[in-house]
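**Q** what follows is a predicted structure for the sequence shown.
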Amino acid sequence: KAGVTQTPRYLIKTRGQQVTLSCSPISGHRSVSWYQQTPGQGLQFLFEYFSETQRNKGNFPGRFSGRQFSNSRSEMNVSTLELGDSALYLCASSLDRTTYNEQFFGPGTRLTVL
Amino acid sequence: QKEVEQDPGPLSVPEGAIVSLNCTYSNSAFQYFMWYRQYSRKGPELLMYTYSSGNKEDGRFTAQVDKSSKYISLFIRDSQPSDSATYLCAMSRSSASKIIFGSGTRLSIRP
C-alpha cells in the first residue's frame, strides 16, 4: 500500500508570493492533517480535514488555508509569504476521526522563503 | 509555558544501552499519548500509542504514562545505531482533538 505522498518535495519562493502544497493520503484514509515543523517551534498543528470539512484548526494566521477534495486529497495554501514561513510542511492521514491519533506522515514539503 | 515539554538533547549513548526519553505536560485533560520517531529528511512515524495511564510494550520499546505526575516515558532496550533519530512525544484530549507535539529529543547511538 502506498504511503502518504506530498508534492512538491522542495520549493523556493520569495516574500509576498503565494504557494500551494498538495497531499495524497493513504488509500482509504479520510482524515488529513497539516503541520508546520521548524527548528525553533517544533511540530505545530495547522488544520485537519475530514469529509471535505475543516474539523480542527491550530493557531495560525488566516494566510494559511486548506481544502480537501472528495477523493480525500488535500491542498494547503499560504498567501503573502513571509520569511518566517520557511519550514517543513507535513501532511498526515488517518482512517477517520476515531483513529485520528494513529496518523501516518508523508515526507514533507521543504519550503524556503527568500 | 508550553503544554508539552521535552528535553531537546542531543542524547548520545553506546550501542546496547537502555535509553530513557521523557516528556512532561501541563494539561490534565490529555488522554492519548504517542511517541513518534523521525529520521533526518523524513516525516515522523508512529512508534507507540497508549490511552490513559499504564505501560505498553512493543519489542524493544516500552511506553509508560503516569497521569498523576503528568509524565510520559519511552524506553528503548538493547539500543542499536539504527535507533539514532529524533523522538517526538505527542498527546491529545480525545481521539478527535488536535495533537500537541513535544519539541523532540535527538538521540544518537554510538557503535
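**A** Thanks, I have it.

**Q** the helix or strand harbouring B:T50 pairs with which strands, and in what direction?
**A** With elements taken from DSSP states H and E, the one containing B:T50 is strand B:45-51. The strands that strand B:45-51 pairs with in its sheet are strand B:32-38 (antiparallel) (by DSSP bridges).

**Q** pick out the residue of chain A closest to chain B.
**A** Minimum separation of chain A from chain B (C-beta to the nearest C-beta) falls at A:F105, amounting to 3.3 Å. (Each C-beta comes from the backbone N, C-alpha and C, glycine too.)

**Q** tell me the contacts of that residue?
**A** Neighbour list for A:F105: A:4, A:90-92, B:36, B:43-45 [criterion: C-beta atoms under 8 Å, 6 or more residues apart in numbering or on different chains].

**Q** what is the nearest of these to B:S52?
**A** Set against B:S52, the nearest of the contacts of A:F105 by C-beta to C-beta is B:Y36 (19.1 Å).

**Q** if we ignore the residues flanking it in sequence, what's nearest that closest one?
**A** B:P44 (3.8 Å; C-beta to C-beta, 6 or more residues apart in numbering or on different chains).

**Q** in this structure that neighbour contacts A:S33, no?
**A** No. The pair formed by B:P44 and A:S33 falls short of the contact definition of C-beta atoms under 8 Å, at 11.9 Å.

**Q** residues near B:N55, how many?
**A** A total of 12 residues lie near B:N55 under the criterion other C-beta atoms under 10 Å in any protein chain shown.

**Q** for the residue nearest to it when sequence neighbours are not counted, phi and psi?
**A** The spatially closest residue to B:N55, leaving aside those adjacent along the chain, is B:Q64, at 5.1 Å (C-beta to C-beta, 6+ apart). Its backbone dihedrals place B:Q64 at phi -130, psi 140, with angles given as degrees, to the nearest 10.

**Q** which residues does B:Q64 contact?
**A** Residues in contact with B:Q64 (C-beta under 8 Å, 6+ apart) are B:54-55, B:72-75.

**Q** which of the residues you listed ranks first by neighbour count?
**A** Using other C-beta under 10 Å as the neighbour definition, the contacts of B:Q64 reach their maximum at B:I72, which records 28 neighbours.

**Q** do you know the pLDDT at that residue?
**A** Looking at B:I72, its pLDDT is 96.

**Q** contacting residues for it?
**A** For B:I72, the contact set (C-beta under 8 Å, 6+ apart) comprises B:22-25, B:33, B:63-66, B:89, B:91.

**Q** then B:I100?
**A** Per C-beta under 8 Å, 6+ apart, neighbours of B:I100: A:45, B:3-4, B:27, B:30, B:90-92.

**Q** distance of it from A:L21?
**A** According to C-beta to C-beta, to the nearest Å, B:I100 stands 22 Å off from A:L21.
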